[in-house]
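S.K.: Sequence first, then the predicted structure, then my questions.
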Amino acid sequence: MSEPRRHFISIRPATPDDTAFILSLVPRFVEFKLPKGRRKRECAAAIQADIERALRSPEEEAAFFISEAEPGERTGFLHLQVMRDFFAGSRNGHISDLAVADGHDGHGIGRALLDHAEQWARGHQCERLTLAVFPGNARARALYERAGFDGDLLRMQKPLA
């Protein structure tokens, strides 16, 4: 079995021209088994609405970035925010959204976006870099663990209907 071909990866700030590309990746957030009581269509719609809101009304300490394998060949996106840590009150960089375009998995793009997130968070004087991931998203969880992320809080839910 051959190694996946590694791309040259550049990361740049997103522009309004990237909106359709960013929104086209929303289905990637629900391509795996979701927790009991969660519906793919409902989750995708909520994620899309949140991304659209963030693009339309950007927060002061938030940013979207686009990865490209070659100029003009978009391969993924990253949405970052600065948030306050609930327990310590310190500044955390938070990865709100990270998605790699279909067909570009396994080429180092997700890792490059994570590295960019870490640099961005350090540049914004953050003490931690956080993210949330569905338990069933094994591929993303493995990437995050290889990048040094570890469990912090476990959010649990029980469907009542």
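M.R.: Nice, I can see it. Numbers count the residues shown, from 1 in each chain.
S.K.: Output the longest helix belonging to the protein.
M.R.: helix 40-56 (DSSP state H).
S.K.: in whichever helix or strand comes after that helix, what's buried?
M.R.: Following helix 40-56 in sequence order, the next helix or strand is strand 62-70 (DSSP states H and E). Applying a neighbour-count criterion of 16 or more other Cβ atoms under 10 Å, one finds 63, 64, 65, 66, 67, 68, 69 buried in strand 62-70. The C-beta positions use only the backbone N, C-alpha and C, and glycine is treated the same way.
S.K.: With distance to residue 156 added, can I get these in a markdown table?
M.R.: Putting those into a markdown table (distance: Cβ to Cβ, whole Å) gives the following:
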| residue | distance to residue 156 |
| --- | --- |
| 63 | 31 |
| 64 | 30 |
| 65 | 32 |
| 66 | 34 |
| 67 | 33 |
| 68 | 38 |
| 69 | 39 |
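S.K.: ok, so of these, who is nearest residue 17?
M.R.: Among the buried residues of strand 62-70, residue 66 lies closest to residue 17 (Cβ to Cβ), at 9.7 Å.
S.K.: Name the SS class of the nearest residue to residue 96 once chain neighbours are set aside, please.
M.R.: Leaving aside its chain neighbours, residue 96 sits nearest to residue 79 (4.4 Å; criterion: Cβ to Cβ, 6 or more residues apart in numbering). Following DSSP: H, G, I helix; E, B strand; the rest coil, the label given to residue 79 is strand.
S.K.: How about the contacts made by residue 79?
M.R.: Residues near residue 79 by Cβ atoms under 8 Å, 6 or more residues apart in numbering: 51, 54, 62, 63, 64, 65, 95, 96, 97, 98.
S.K.: what bridges to it?
M.R.: residue 64, residue 97 (DSSP bridges).
S.K.: quick thing: my sequence starts at 57, can you match it?
M.R.: Let's use 57 as the start, then, which means that last one is residue 135.
S.K.: For residue 97, list the residues it contacts.
M.R.: Counting by Cβ under 8 Å, 6+ apart, residue 97 has no contacts.
S.K.: Which pLDDT value does the model give it?
M.R.: At residue 97, the predicted lDDT confidence score is 97.
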